[in-house]
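Student: model this:
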Amino acid sequence: MSASGASLSLFRSLLREAKKVDNYNFRHYAIRRVKVGFQHNRNLTGNEAEIAFQEGKEQLDILRRQVVLGNLYPSAKSVMEAA
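Tutor: Below you'll find the predicted structure:
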């Protein structure tokens, strides 16, 4: 898989996991952070890009664990979600 293909796959995986977060505020924070992080690192090349990609994979693992914990201890729905 090419570097751009792997990055796109990581981006989609991060967004997919961020959308699974139970709490409204944390979910939107995670989605915003994924988008801003990829925009910030868009022009990286070489070793810097590889380091950023590895950090992204670590963030994906953290986000997955956070989703599991959120599902173990669900919170009440926010006013923003009660529609």
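
Student: Can you pull the poorly scored residue ranges out of this protein?
Tutor: Within the chain, the stretches with pLDDT under 70 are 1, 83.

Student: Please report how far the residue most central in space within it lies from N43.
Tutor: Centroid-nearest residue in the chain: L14, 3.4 Å away (criterion: Cα atoms, centre = their mean). In this structure, L14 and N43 are 19 Å apart, going by Cβ to Cβ, to the nearest Å. From N, CA and C alone the C-beta is placed, and that goes for glycine too.

Student: Enumerate the positions of the longest helix anywhere in the chain that are buried.
Tutor: Across the chain, the longest stretch assigned as helix under DSSP state H is helix 46-72. By neighbour count on 16 or more other Cβ atoms under 10 Å, the buried set for helix 46-72 is A49, A52, F53, G56, Q59, L60, L63, Q66, V67, G70.

Student: Figure out how far that helix is from the centre of its chain.
Tutor: 7 Å (Cα atoms, centre = their mean, to the nearest Å).

Student: elements contacting that helix?
Tutor: helix 3-18, helix 24-40 (3 or more Cβ pairs under 8 Å, 6 or more residues apart in numbering; DSSP states H and E).

Student: That helix to helix 3-18, inter-axis angle?
Tutor: Interaxial angle of helix 46-72 relative to helix 3-18 (axes from the mean of the first three to the mean of the last three Cα atoms, to 10 degrees): 20 degrees.

Student: who's in contact with the residue nearest to the centre of the chain?
Tutor: V34, G56, Q59, L60, L63 (Cβ atoms under 8 Å, 6 or more residues apart in numbering).
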